[in-house]
Every structure is written in C-alpha cells, then in structure tokens.
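Participant: pasting the structure only:
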C-alpha cells in the first residue's frame, strides 16, 4: 500500500526509475529529495527503511545516484564516458556476494558504508533494467511530464507514465483542438 505521505504522481516503478521519479512536473520542479524527511518517505515507498539509514549522508548518496541515472536515461543513445563514470562510481561503493549455504544459494549486498546501500541498490537495479531491455526504459510522451517508466506492455508501445493523467491530458487536448477548429 502506498505511503500516504508520498506526494509523487507515479510510484511503483523499478527502484532506479522510482528514484528518478522523485522529481516531477511543477513550477519549479517538485523534488521529494530536498531533505531527509523526503528521503525517509522514498525509503519507505521502496521498502528500504529497515535496511537503510535515513540520514543526510544517505540522502546525498541517492541524489548522486539519481543524477547519474538521469544523465544516462536522457542520453540513452550516446552514453558518454563521463555519464558512465558517474554510475560506475556509485557501483564501486558495493558488491554482490554470492554463496552456497545449506539452505541454498544466497546473495548478499555488501557496501563500504551504510549510507550507500539504497544508492547502490538503485544503480544495480538500473543495470538490471538495461539487461532486460534498455529500449523499454521510457520517458512519458506528454511534453511537460518528466517522469520515466519501464514499459512492460507486450508490444512495447506504452507512451504515458499514467494513462489516467498524462494520457488523458493528451486525449483531452486532441479533442479540444478538433472541436475548436470546426
């Protein structure tokens, strides 16, 4: 169930895009991650409150990661070395340790300091989305929307972050243009 304190218009995307969507349309642009309280809301929404401290250092780490992911998503076709380096720098703060235990295979995330856990998880999630299909990481087609989503539709033709919001705005605008040009 969504956290009632979470003001974002689109939640529930994969972790990396959910982090990217902590900024959304407004004048000025709305930003959930302006303070530790907003960071705590995002951690709760992502189910990370038990694993990640909600402190200023963690906030700075996720803001760094959000910036790195945002640059890569915006430059999807031509990823330059500086953009790759920014995400790789985040990834250097952690690793995935795999072991075979009596209970079976176990994967454990290890980070060099606790404030990097949420940031590292988001960066690692972004790599997972790239493996699934970079072409399915999309920006909303509405001209004023800055949200992103992972297109899981069968044909890969999803255009809107939300059909109820941005899709409806586009339909209403087309209808208005059609009616007023008669």
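Facilitator: Alright, I've got the coordinates. Predicted, not measured: the structure shown is a model, and the values here were computed from it.
Participant: so residue 99 sits in a helix?
Facilitator: No: Residue 99 is assigned strand when assessed by DSSP: H, G, I helix; E, B strand; the rest coil, not a helix.
Participant: gap between residue 160 and residue 72?
Facilitator: 22 Å (C-beta to C-beta, to the nearest Å). For the C-beta atoms, the positions are set from N, CA and C on the backbone; glycine is no exception.
Participant: do residue 143 as well
Facilitator: 22 Å.
Participant: who's more crowded, those two?
Facilitator: Neighbour totals were compared for residue 143 and residue 72, and residue 72 leads with 22 against 9 (other C-beta atoms under 10 Å).
Participant: what lies in contact with the helix or strand hosting the more buried one?
Facilitator: Taking DSSP states H and E as the definition, residue 72 sits inside helix 56-74. Outside helix 56-74, the residues that touch it by C-beta atoms under 8 Å, 6 or more residues apart in numbering are 16, 19-20, 22-23, 33, 35-36, 39, 42, 52, 79, 83-84, 86-87, 89-90, 93, 113-120, 122-123, 126, 137, 139, 148.
Participant: list the buried ones in the helix or strand that that helix is followed by?
Facilitator: Of the helices and strands lying after helix 56-74 in sequence (DSSP H and E), the nearest is helix 81-91. By 16 or more other C-beta atoms under 10 Å, the buried positions in helix 81-91 come out as 83, 86, 87, 90, 91.
Participant: just send these back as TSV, with distance to residue 63 and pLDDT too.
Facilitator: Formatted as TSV, the buried residues of helix 81-91 follow (distance: C-beta to C-beta, whole Å; pLDDT from 0 to 100):
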residue	distance to residue 63	pLDDT
83	16	87
86	12	95
87	14	96
90	11	98
91	16	98
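Participant: now for those: which two are most distant?
Facilitator: The most widely separated members of these are 83 and 91, with 13.2 Å between them, by C-beta to C-beta.
Participant: find the nearest non-adjacent residue to residue 106, please.
Facilitator: residue 99 (5.1 Å; C-beta to C-beta, 6 or more residues apart in numbering).
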